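Colleague: Here is the input, now give the coordinates:
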Amino acid sequence: MHYDEIISLLGFAGDHDQVVRIVTSDKQEVIGVPTSVDTHVTAHEVYLRPRGIDDSEIAISLGAIQEVELV
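Modeller: Predicted structure coming up:
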């Protein structure tokens, strides 16, 4: 996927509380709801609330994301 498509889909999912599946460049999969997308060069991350864990957030580097899809 292209960077712009990844950002757009993550933003849409976060705005609509939708679950996404993220595949990273090292083939790891993470499923959850994006809570914010920070495209600033100093952060460059998406924050995600993993499915089934409502009280935690994880950060994933936008540069490590290879694919995103709505679940």
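
Colleague: Can you report how many residues neighbour residue 35?
Modeller: Applying other Cβ atoms under 10 Å, we find 14 other residues in the vicinity of residue 35. For every residue, glycine as well, the C-beta is placed using N, CA and C.

Colleague: Now do the contacts for it.
Modeller: If a contact means Cβ atoms under 8 Å, 6 or more residues apart in numbering, then residue 35 has 14, 47, 48, 49, 57 as its contacts.

Colleague: Most neighbours among those residues, which one?
Modeller: Per-residue neighbour counts (other Cβ under 10 Å) across the contacts of residue 35 peak at residue 48, which has 25 neighbours.

Colleague: which element follows the helix or strand that one falls within toward the C-terminus?
Modeller: Assigned by DSSP states H and E, residue 48 belongs to strand 45-50. Using DSSP H and E, the helix or strand that follows strand 45-50 towards the C-terminus is strand 58-61.

Colleague: In the sheet, which strands lie alongside that following strand, parallel or antiparallel?
Modeller: The strands that strand 58-61 pairs with in its sheet are strand 45-50 (antiparallel) (by DSSP bridges).

Colleague: Just the CA atoms of the partner strand, as CSV, please.
Modeller: Only the C-alpha atoms of strand 45-50 are listed here, as CSV (Å, rounded to 0.1, in the frame of the first residue of the first chain):
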residue,chain,number,x,y,z
GLU,A,45,3.3,6.7,14.6
VAL,A,46,-0.2,5.4,14.8
TYR,A,47,-1.6,4.7,18.3
LEU,A,48,-3.8,1.7,18.5
ARG,A,49,-6.1,0.2,21.1
PRO,A,50,-5.6,-3.6,20.6
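
Colleague: Can you name the residues in contact with it?
Modeller: By Cβ under 8 Å, 6+ apart, the residues outside strand 45-50 that reach it are 10, 20, 22, 30-38, 56-62, 65.
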